[in-house]
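Q: structure for the following, please:
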Amino acid sequence: MIKILVIFLLIPFCIYSQSKSINFHSPENKKKFADLLFCEGDYLRAVEEYESIRDVIKNDTIDIKIMYCYSEIGLFNESNNSLKRISSNSPFRWAGLHLRLKNKLIENPKGLRVFHDMPSPPDMSERRQKLILTSNLFDEEIIYEKEDFLYVFEKGEGQTISYFYDLKKNPPYKSPALAGFFSAVIPGSGKMYVGEWGDGITALLVTGLLAFLAYDNFKANHNTRAWIFTGLGSFFYAGNIYGSIASAQIFNARIDFEFRDGLNLFLQQKNYFMPEYDFCN
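A: Coordinates of the predicted model:
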């Protein structure tokens, strides 16, 4: 019992003595802690630790990690400025340039074509072309032919890019003017044209019912009730025309949103065609 008690009392003392001999604030230990945070995805705290040792430990791996951290937390200017610290002879130089393209694409999905002729080594050229060509799909008009897109992509990627290219070139928009015209001729048909069949059938039935009630009451010389139903029918008829136009506009906006959201998701899944480095093993 006494031996167990002595051992129990000695354990904290040993741990304390050991901890006193370790300098947790040394650059090497701060780097280890930053690497741990980086691999756990805590990029905000990781970049703070890396920045604190950046001038002490000259290491291109730290610089590319700092660039990556800033990019992941949305500080794109800081990320791009960090590229200056990566030497032109570094194996991470082209990865940093590609990361800068990624940052610019996220900030503004248009205009990466200015980088199209930027020289790069063979192993990075294809990645860069993929990113720049894909970014062109965000523009108002596509300046490349479909074949110019597909040649650089693998089969699976090419099918996805082909789908987005066709969707961008010929989006399945609905004409607001046509939707309004249809509903003016046959109430509810504009909604049906947009694909809102339930609302369209409801509009047709309600407008038809109000028109019938107005006609029936005029025929029975119940003029007051007839004019009430006429007013309600006219209001509903006009509202249906306006609603059909609005539905077509909303439909088109949804097509644009789904296109951009889908293309962004594709790029995220491909990690913006970034070269893959396993810093955590």
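Q: any idea how far Phe182 is from Ala203?
A: Applying Cβ to Cβ, to the nearest Å, the value for Phe182 to Ala203 is 11 Å. Every residue, glycine included, has its C-beta placed from N, CA and C.
Q: give me the more crowded residue out of the two.
A: Neighbour tally, Phe182 and Ala203, criterion other Cβ atoms under 10 Å: the higher count belongs to Ala203, 26 against 22.
Q: residues contacting that one?
A: 183, 187-188, 191, 236, 240, 243 (Cβ atoms under 8 Å, 6 or more residues apart in numbering).
Q: most neighbours among the residues you listed, which one?
A: Within the contacts of Ala203, Ser183 tops the neighbour count with 30 neighbours, counted by other Cβ under 10 Å.
Q: what helix or strand is Ser234 on?
A: For Ser234, the element it lies in under DSSP states H and E is helix 223-269.
Q: now the contacts of Ala203 as a markdown table including distance to Lys168 and pLDDT?
A: Listed next are the contacts of Ala203 as a markdown table, based on distance: Cβ to Cβ, whole Å; pLDDT from 0 to 100:
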| residue | distance to Lys168 | pLDDT |
| --- | --- | --- |
| Ser183 | 29 | 91 |
| Pro187 | 34 | 91 |
| Gly188 | 32 | 89 |
| Lys191 | 27 | 91 |
| Phe236 | 38 | 85 |
| Asn240 | 32 | 91 |
| Gly243 | 28 | 91 |
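Q: those: which two are farthest apart?
A: Farthest pair in the contacts of Ala203 (Cβ to Cβ) is Lys191 and Phe236. Separation: 12.7 Å.
Q: for the helix or strand harbouring Phe218, the distance to its chain's centre please.
A: If you go by DSSP H and E, Phe218 is part of helix 197-219. Relative to its parent chain, helix 197-219 has a centroid offset of 45 Å by Cα atoms, centre = their mean, to the nearest Å.
Q: now that helix: average pLDDT?
A: If you average the pLDDT over helix 197-219, you get 87.
Q: and that helix, C-alpha only, in PDB?
A: Output in PDB follows, covering the C-alpha atoms of helix 197-219 (Å, rounded to 0.1, in the frame of the first residue of the first chain):
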ATOM      1  CA  TRP A 197     -49.200  22.100 -63.200                       C
ATOM      2  CA  GLY A 198     -51.000  22.200 -59.800                       C
ATOM      3  CA  ASP A 199     -51.100  26.100 -59.700                       C
ATOM      4  CA  GLY A 200     -52.100  26.100 -63.400                       C
ATOM      5  CA  ILE A 201     -55.000  23.800 -63.000                       C
ATOM      6  CA  THR A 202     -56.200  25.700 -59.900                       C
ATOM      7  CA  ALA A 203     -56.000  29.000 -61.800                       C
ATOM      8  CA  LEU A 204     -58.000  27.600 -64.700                       C
ATOM      9  CA  LEU A 205     -60.700  26.200 -62.400                       C
ATOM     10  CA  VAL A 206     -61.000  29.200 -60.200                       C
ATOM     11  CA  THR A 207     -61.000  31.700 -63.100                       C
ATOM     12  CA  GLY A 208     -63.500  29.600 -65.000                       C
ATOM     13  CA  LEU A 209     -65.700  29.300 -61.900                       C
ATOM     14  CA  LEU A 210     -65.700  33.000 -61.200                       C
ATOM     15  CA  ALA A 211     -66.500  33.800 -64.900                       C
ATOM     16  CA  PHE A 212     -69.400  31.300 -64.800                       C
ATOM     17  CA  LEU A 213     -70.800  32.800 -61.600                       C
ATOM     18  CA  ALA A 214     -70.600  36.300 -63.100                       C
ATOM     19  CA  TYR A 215     -72.300  35.200 -66.300                       C
ATOM     20  CA  ASP A 216     -75.000  33.200 -64.400                       C
ATOM     21  CA  ASN A 217     -75.800  36.200 -62.100                       C
ATOM     22  CA  PHE A 218     -76.000  38.600 -65.000                       C
ATOM     23  CA  LYS A 219     -78.300  36.200 -66.800                       C
END
